[in-house]
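> I would like the atomic coordinates for the input below:
(chains A and B)
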Amino acid sequence: MKLLRMKPGHGEILLAEGDVEVAEQEQLLIEAFRRELDAGMWAAVPSERRDGRREAELVKSFGEVPRDAERVIFFPRAAGGAPRSASARTAR
Amino acid sequence: MLLALGTAAIVLVVLLWELARPDALRAFAVLRLRVQRIRERARLRESGQLGYDPGRERRAEQRARELLRSCIDEHDWAMYRDLGFLRLWGGLGERAHAAGASYAYLIYPHRPIVAYVPQTGALLNEYCVAFPDHSRPYGSARLPDSDDVLAKWMALKADERCLIEQANMHLPGRQIDPEQVRRDLARLTRWERESGAGATDIVRAA
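Numbering: from 1, shown residues only, chains lettered A, B, ... in the order given. You can find the predicted model right below:
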């Protein structure tokens, strides 16, 4: 399992990687997971359904992460964007 | 004799100093400014905020595109690659998250999410939402474009209601020109027809 974090000016970075079936590695994953959540990140687990469709699930603890998940992606929590005046609207 | 020579030497030194003083003071000021700039650049370099590096932004966006590509459907990736936005079917009405849903979203990078009715093309709302990283690792809180799209996509897929509650909701036209959205919907319809995708919106070209 890989723990990734989106980062401005960089793209994703690898926070931790390990096998959840190995206790020591799982502990490292749990610690890294908690650090990110404490820093205010959201955690999402991308997945693929049986019919091939891609899905994502937000998780709030390491226990909610499916054991067979390959990746957990952390990203900053959502905030309402700053409203701008209608005159500031953009057109491509 | 010695006294006269000494006096002349002192007068000469004083005269030379008076002549050179403006230039000397200017040179000293320039030197001090340069030292200040060097110190400021060192401070910015240590905090990772040194200037704008277009190469870094480009590399970041390239990584973000690869991550996005690995997380979404092939069809959606092709849509984003070709059109610059994603269409995501709404998940709360009938036929949730599937073609024919009662509403859908257009996800643009760093612009509001636009909700619309696929059957008519009517625009419903703009949802202004951002994912600011307050740690500002390179002086900016903005994720790369494709990371912003992926964050919106994952949040809408996983917990649509939560994301919509976090967003600032506005009527269409607040930030994105409705005509542009209609053009994008027409482009999407054309693109899906040409790419042979089955789930096309029923939108009249603007």
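
> the domain parsing of chain B - what is it?
According to automatic domain parsing, chain B comprises the domains B:1-50, B:60-195.

> and of those, who's closest to residue A:30?
domain B:60-195 (20.9 Å; C-beta to C-beta). All C-beta spots, glycine's among them, are computed from the backbone N, C-alpha and C.

> start to end distance for the closest one?
29 Å (C-alpha to C-alpha, to the nearest Å).

> which regions of the chain sit below the pLDDT cut-off?
Went with chain A since none was named. Applying pLDDT under 70 to chain A flags the ranges A:82-92.

> oops, I was thinking of chain B
Scanning chain B with the threshold set as pLDDT under 70 gives B:43-52, B:93-97, B:197-206.

> Verify the stated contact: residue A:60 with residue A:45.
No: with contact defined as C-beta atoms under 8 Å, residue A:60 does not reach residue A:45; the gap is 11.4 Å.

> neighbour-wise, which of those two wins?
residue A:45 (20 against 9; other C-beta atoms under 10 Å in any protein chain shown).

> Now do the contacts for that one.
Shown in contact with residue A:45 (C-beta atoms under 8 Å, 6 or more residues apart in numbering or on different chains): A:56, A:57, A:59, A:65, A:66, A:69, A:71, A:72, A:73.

> May I have the beta-bridge partners of residue B:176?
residue A:90 (DSSP bridges).

> Burial check on the residue of chain B found nearest chain A, number of neighbours?
Residue nearest to chain A within chain B (C-beta to the nearest C-beta): residue B:63, separated by 2.7 Å. Residues lying near residue B:63 (other C-beta under 10 Å) number 19.

> So which bits of the host helix or strand of residue B:75 are buried?
If you go by DSSP states H and E, residue B:75 is part of helix B:74-83. By 16 or more other C-beta atoms under 10 Å in any protein chain shown, the buried positions in helix B:74-83 come out as B:76, B:77, B:79, B:80, B:83.

> And chain A, is the helix or strand following that helix touching that?
Sequence order places strand B:86-89 as the next helix or strand after helix B:74-83, per DSSP H and E. No: Strand B:86-89 lies out of reach of chain A by C-beta under 8 Å from any C-beta of the partner chain, never closer than 10.9 Å.

> Residues contacting strand B:86-89, please?
B:72, B:76, B:79-80, B:95-99, B:101, B:104-107, B:118, B:149, B:153, B:156-157, B:188, B:201.

> Now do the same contact list for whichever residue of chain A sits closest to chain B.
In chain A, no residue comes nearer to chain B than residue A:11, which is 2.7 Å away by C-beta to the nearest C-beta. Contacts for residue A:11 (C-beta under 8 Å, 6+ apart) come out as B:59, B:60, B:61, B:62, B:63, B:64, B:67, B:144, B:147.
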